[in-house]
Structures are given as structure tokens and as C-alpha cells.
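A.B. asks: Return a 3D structure for these sequence lines:
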Amino acid sequence: MHRLVIFILLIAAIFLLGLVFGSFYTVQQQSRAIIERFGRYVRTARPGLNFKMPPPFQNMIVIASCPPGALAGPTACSLPPAPLRG
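C.D. replies: Residues are numbered from 1 along each chain as shown. Reported below is the predicted structural model:
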């Protein structure tokens with residue numbers, strides 16, 4: 001019985017670690033990403049390290065990639081408005 005409890009706790013710990021590490025993601029410098037919760041738009045993620053809820057709850061979709069050097073100045077690469085889903 002003692003081994004069964006240890007086995008269940010080990011499986012639970014591996015599952016929780018997978019959820020925690022699966023929640024961090026990186027958006028590349030020239031890109032943006034849409035975060036959806038259950039298929040509905042929640043926010044737009046900016047470049048760098050970001051956090052989201054694990055995949056069953058939130059998904060990330062990369063939406064734009066700007067050419068290098070286009071993110072600065074008066075002609076900066078801009079993103080289209082986020083799509084609204086009904």
C-alpha cells in the first residue's frame with residue numbers, strides 16, 4: 001500500500017511540473033501572439049517570456065512576423081486588429 005501512495009504522488013508531481021513548465025512560452029522579437037481561452041480572444045502577447053494557463057485552458061497562436069528592423073521608427077510594423085469571435 002505504501003508503494004502505491006508513493007507512485008500516485010510521483011505521477012501527480014510529474015503532471016503538475018508539466019503544467020507549470022508548459023505555461024511559460026517565448027514570443028520571438030519580430031512576432032506577436034494571440035492568447036485564446038476556450039477559443040475566444042483574451043489578449044495579444046508581446047515579444048519575450050510570457051505566461052499562460054496550460055493548453056486545455058489557453059492556446060497561443062503566432063499572428064504576425066515583422067521583417068528585422070521594421071519595429072522601430074515612423075513606419076513600424078503594426079499588427080492588424082485582433083479578430084473577434086462570436
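A.B. asks: Just confirm Pro55 contacts Phe21, I think it does.
C.D. replies: No. Using C-beta atoms under 8 Å, Pro55 is not in contact with Phe21; the gap is 11.9 Å. In short, each C-beta sits where N, CA and C put it, glycine included.
A.B. asks: For Ala12, grab the count of nearby residues.
C.D. replies: 10 (other C-beta atoms under 10 Å).
A.B. asks: check contacts around Gly48.
C.D. replies: Neighbouring residues of Gly48 by C-beta atoms under 8 Å, 6 or more residues apart in numbering: Thr26, Val27.
A.B. asks: Next one, pLDDT for it please.
C.D. replies: Per-residue pLDDT puts Gly48 at 88.
A.B. asks: so where is this protein shaky, pLDDT-wise?
C.D. replies: Scanning the chain for pLDDT under 70 picks out 64-86.
A.B. asks: what sits against the residue sitting nearest the centre point of the chain?
C.D. replies: Against the mean C-alpha coordinate of the chain, by C-alpha atoms, centre = their mean, the closest residue is Met60 at 4.4 Å. Residues in contact with Met60 (C-beta under 8 Å, 6+ apart) are Tyr25, Ala33, Ile34, Ile35, Glu36, Ala45, Lys52.
A.B. asks: do Val42 as well
C.D. replies: Ile35, Glu36, Gln58.
A.B. asks: in which helix or strand would I find the residue nearest to the centre of the chain?
C.D. replies: Using DSSP states H and E, Met60 maps to strand 58-65.
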